[in-house]
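Participant: compute the structure for the input listed below.
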Amino acid sequence: MTTIAAIQGDGWVVMGADTQSTVSEYKRLKMANDKVIDNNGVLIAGCGMGRGMDLMQKAWVAPKPRKSRMSIDELDKWMAKTFIPQMRQLFIDGGYDMKDDGEYAQHEGAFIVAVQGVVFYIDDDYSFDREARGVTTSGSGGDFAAGSLFKKDLSTIEKAKKQMEIAVDAAREYDVYSGGETRIYVQEA
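Facilitator: Next up, the predicted model:
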């Protein structure tokens, strides 16, 4: 599994991730590729099966919003009408989207996406939302990271970066499926 986390600030986002990939209960890899990527100005973090991140990292250019500064409502609509449909088409073309007759479309994993300083959580059924508390996590170490960030001063990018490093380090320490290095990423609107 993994640890991915994001802190939503006022017009900025700080993301963090570990660098371990768990191949089986007995084998782990220190990943050469990051779990968070900047794809055409969109930060994307993924956990679960690595195929989705492989496709988004190597075989896709993420769509950009048409305007340089969109409202939350406009970004929600862009996510629903543009980003997720293009992401799903990428997954279909790459053999990663799964759907049998009568089932809903899904993929194996979860994604945290930041665009224009706003964080979105995309679940395995392609549904999305924004976390009202300002901290979004996923993966096997996500709860450790979230707990570490609880009631911390996250009011500036620098404070958020420091706390994110502590949070991912805590997940790496206590979650057997997280490890390697802690990497931090910043996006400003």
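Participant: tell me, how many residues neighbour G11?
Facilitator: 13 (other C-beta atoms under 10 Å). All C-beta atoms are positioned from the backbone trio N, CA, C, and that covers glycine.
Participant: from V135, how far out is it?
Facilitator: According to C-beta to C-beta, to the nearest Å, G11 stands 17 Å off from V135.
Participant: likewise V119?
Facilitator: 9 Å.
Participant: overlap in contacts of those two?
Facilitator: A6, Q8 (C-beta atoms under 8 Å, 6 or more residues apart in numbering).
Participant: how far out from the middle of the chain is the helix-or-strand element of the chain with minimal mean pLDDT?
Facilitator: Lowest by mean pLDDT, DSSP states H and E among the helices and strands of the chain is strand 27-30, with a mean of 78. Centroid separation between strand 27-30 and its chain, computed with C-alpha atoms, centre = their mean, to the nearest Å, is 20 Å.
Participant: sheet partners, orientation included, of it?
Facilitator: strand 20-24 (antiparallel) (DSSP bridges).
Participant: CA atoms of the partner strand as PDB?
Facilitator: Output of strand 20-24 as PDB, limited to C-alpha atoms (Å, rounded to 0.1, in the frame of the first residue of the first chain):
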ATOM      1  CA  GLN A  20       7.800   2.300  -0.900                       C
ATOM      2  CA  SER A  21       5.900  -0.100  -3.100                       C
ATOM      3  CA  THR A  22       4.600  -3.300  -1.500                       C
ATOM      4  CA  VAL A  23       4.700  -6.100  -4.100                       C
ATOM      5  CA  SER A  24       3.600  -8.800  -1.700                       C
END
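Participant: please shift the residue numbers so they start at 724 in all later answers.
Facilitator: Fine by me, first position is 724 from now on; the one you just mentioned is strand 743-747.
Participant: helices along the chain, start to end?
Facilitator: 774-781, 795-801, 807-816, 865-872, 880-897 (DSSP state H).
Participant: make CSV out of the ones you listed and add distance to A833, mean pLDDT and mean neighbour count.
Facilitator: Output for those, formatted as CSV (distance: least, C-beta to C-beta, whole Å; pLDDT from 0 to 100; neighbours: other C-beta atoms under 10 Å):
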stretch, distance to A833, mean pLDDT, mean neighbour count
helix 774-781, 9, 90, 18
helix 795-801, 18, 97, 14
helix 807-816, 13, 94, 16
helix 865-872, 9, 97, 21
helix 880-897, 15, 98, 20
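Participant: quick one: the residue nearest to L798 when sequence neighbours are not counted and S863, what's the gap?
Facilitator: Spatial nearest neighbour of L798, excluding adjacent residues (C-beta to C-beta, 6 or more residues apart in numbering): V841 at 5.4 Å. Distance of V841 to S863, computed by C-beta to C-beta: 26 Å.
Participant: who touches the residue nearest to D847 when sequence neighbours are not counted in this structure?
Facilitator: Closest residue to D847 apart from its sequence neighbours, by C-beta to C-beta, 6+ apart: Q829 at 5.0 Å. For Q829, the contact set (C-beta under 8 Å, 6+ apart) comprises D820, M821, K822, D847, D848, Y849.
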